[in-house]
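Participant: Need a 3D model of the following:
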Amino acid sequence: MTTQPSKELETFDNPRPERDYTIRIHTPEFTCICPKTGQPDFATIHLDYIADKKCVELKSFKLYMWSFREQGAFHEDITNQILSDLVDATDPRFMRITAEFNVRGGVYTTVIAEHRQEGWVAPEPVVLP
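Facilitator: Numbering: from 1, shown residues only. Coordinates of the predicted model:
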């Protein structure tokens, strides 16, 4: 296999930096390791962001997500690590990571972490009749 997991996130120039528009990436096959038991944790990761100058390149995002497969981390920590790494790579106007972890021991966990660029104001939603 020529493709390997990687912590390197590649970016490309935002093709429409003058506009606030939402980019949504849905990753239903995220895996990591429970740091207490060593058992696998499975999650769906939702990434929503408004790019400024850079967008994350999808193949590098996929390889980045894959890089957590053997990493032990608590749900709260791994969600915030993903947010920090993506913010460092892209410096977005707004970014939200929602990590929905599958049931373990009868408990589901959802962790939501957000970043807002200083000075950025969210546009008002349009409500149509």
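
Participant: So which residues of this structure form strands?
Facilitator: Ranges of strands in the chain, per DSSP state E, are 11-13, 23-33, 40-50, 54-56, 94-104, 107-116.

Participant: now for the fifth one, which elements pack on it?
Facilitator: If I follow you right, that is strand 94-104. strand 40-50, helix 75-90, strand 107-116 (3 or more Cβ pairs under 8 Å, 6 or more residues apart in numbering; DSSP states H and E). Every residue, glycine included, has its C-beta placed from N, CA and C.

Participant: how about the ones you listed in a markdown table, adding distance to Arg16?
Facilitator: Below are these laid out as a markdown table (distance: least, Cβ to Cβ, whole Å):
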| stretch | distance to Arg16 |
| --- | --- |
| strand 40-50 | 11 |
| helix 75-90 | 15 |
| strand 107-116 | 20 |
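
Participant: Save the ones you listed as CSV, and put in mean pLDDT too.
Facilitator: Below are the helices and strands packed on strand 94-104 laid out as CSV (pLDDT from 0 to 100):
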stretch, mean pLDDT
strand 40-50, 97
helix 75-90, 98
strand 107-116, 96
